[in-house]
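>>> coords please:
(chains A and B)
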Amino acid sequence: DGGITQSPKYLFRKEGQNVTLSCEQNLNHDAMYWYRQDPGQGLRLIYYSQIVNDFQKGDIAEGYSVSREKKESFPLTVTSAQKNPTAFYLCASRWRGQPQHFGDGTRLSIL
Amino acid sequence: GQQVMQIPQYQHVQEGEDFTTYCNSSTTLSNIQWYKQRPGGHPVFLIQLVKSGEVKKQKRLTFQFGEAKKNSSLHITATQTTDVGTYFCAGEDGNNRKLIWGLGTSLAVNP
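Numbers count the residues shown, from 1 in each chain, chains lettered A, B, ... in the order given. Presented below is the predicted three-dimensional model:
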């Protein structure tokens, strides 16, 4: 069954800690995206990748990092430099020009 | 930069009333996509409009793309409680690299 898997569903971060959110897709999509959604707000683009080993900053990349070593995987690291990391993180993938498919999301909170 | 404005931000209706949300882009779009996000869930693709002046229907939902390909609307006829959620429009830029998201319209339906 094809889809996008995000893990974990819930994540807690301690002060000064880096945490990594996983995103895996088996849809053979070239492009992958990370969004941040705050309560009652829209989607803000953090990073996106059109092909393996290449990625671009979105609108709010500061305090985050990504890698794209495999087509199927696009992990997001929330670094200690991100001072307000509490949010709902959504990963998406798609073929160019086609609709985006989303994972179920990861809810990140600060301990 | 490119922006997609979406109004209204919130709409509260009685079940059976109609509902419309509007999107306006600062630039011409190659296509526009509509998504629905239920509370606690992730955005789910509804439809994509590509042609100037295009109108598409899905049961009680009617989607329109403006002649200039800079605006779009979603109209729901006779709302039901199952229509509750946030409706997002997302416009594709000319390079088809990423979507420009509206902030969404949250729809509440009183039974």
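
>>> Can you name the helix or strand that the spatially most central residue of chain A falls in?
The residue lying closest to the centre of chain A (Cα atoms, centre = their mean) is A:W34, at 3.3 Å. If you go by DSSP states H and E, A:W34 is part of strand A:31-37.

>>> So is that strand next to chain B?
Yes - Strand A:31-37 reaches chain B (Cβ under 8 Å from any Cβ of the partner chain) through A:Y33. The C-beta positions use only the backbone N, C-alpha and C, and glycine is treated the same way.

>>> could you dump that strand to PDB, C-alpha only?
Written as PDB, here are the backbone C-alpha positions of strand A:31-37 (Å, rounded to 0.1, in the frame of the first residue of the first chain):
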ATOM      1  CA  ALA A  31       9.800  16.000  -4.700                       C
ATOM      2  CA  MET A  32       9.500  16.100  -1.000                       C
ATOM      3  CA  TYR A  33       8.500  18.900   1.400                       C
ATOM      4  CA  TRP A  34       8.500  19.800   5.100                       C
ATOM      5  CA  TYR A  35       5.900  22.100   6.500                       C
ATOM      6  CA  ARG A  36       5.200  23.600   9.900                       C
ATOM      7  CA  GLN A  37       1.700  24.300  11.100                       C
END
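
>>> Could you check the angle the helix or strand just after it makes with strand A:31-37?
Heading C-terminal from strand A:31-37, the first helix or strand you meet, by DSSP H and E, is strand A:43-51. Orientation note: strand A:43-51 sits at an angle of 160 degrees relative to strand A:31-37 (axes from the mean of the first three to the mean of the last three Cα atoms, to 10 degrees).

>>> for the record, mean pLDDT for strand A:43-51?
For strand A:43-51, mean pLDDT is 95.

>>> Can you confirm whether that strand lies near chain B?
Yes - legend: contact between strand A:43-51 and chain B by Cβ under 8 Å from any Cβ is shown at A:43, A:45, A:48, A:50.

>>> partners of the following helix or strand past that strand in the sheet?
As assigned by DSSP H and E, the chain's next helix or strand after strand A:43-51 is strand A:54-57. Here strand A:54-57 is paired, per DSSP bridges, with strand A:43-51 (antiparallel).

>>> and the helix or strand of chain B at the bottom of the mean pLDDT ranking, which strands flank it?
Lowest on mean pLDDT, DSSP states H and E among the helices and strands of chain B sits strand B:99-101, with a mean of 91. Sheet pairing of strand B:99-101 (DSSP bridges) gives strand B:85-92 (antiparallel).

>>> And the contacts of the strand it pairs with?
Contact with strand B:85-92 is made by A:42-43, A:97, A:100, B:2, B:4, B:6, B:21, B:23, B:25, B:29-39, B:41, B:43, B:46, B:72, B:74, B:98-107, as judged by Cβ atoms under 8 Å, 6 or more residues apart in numbering or on different chains.
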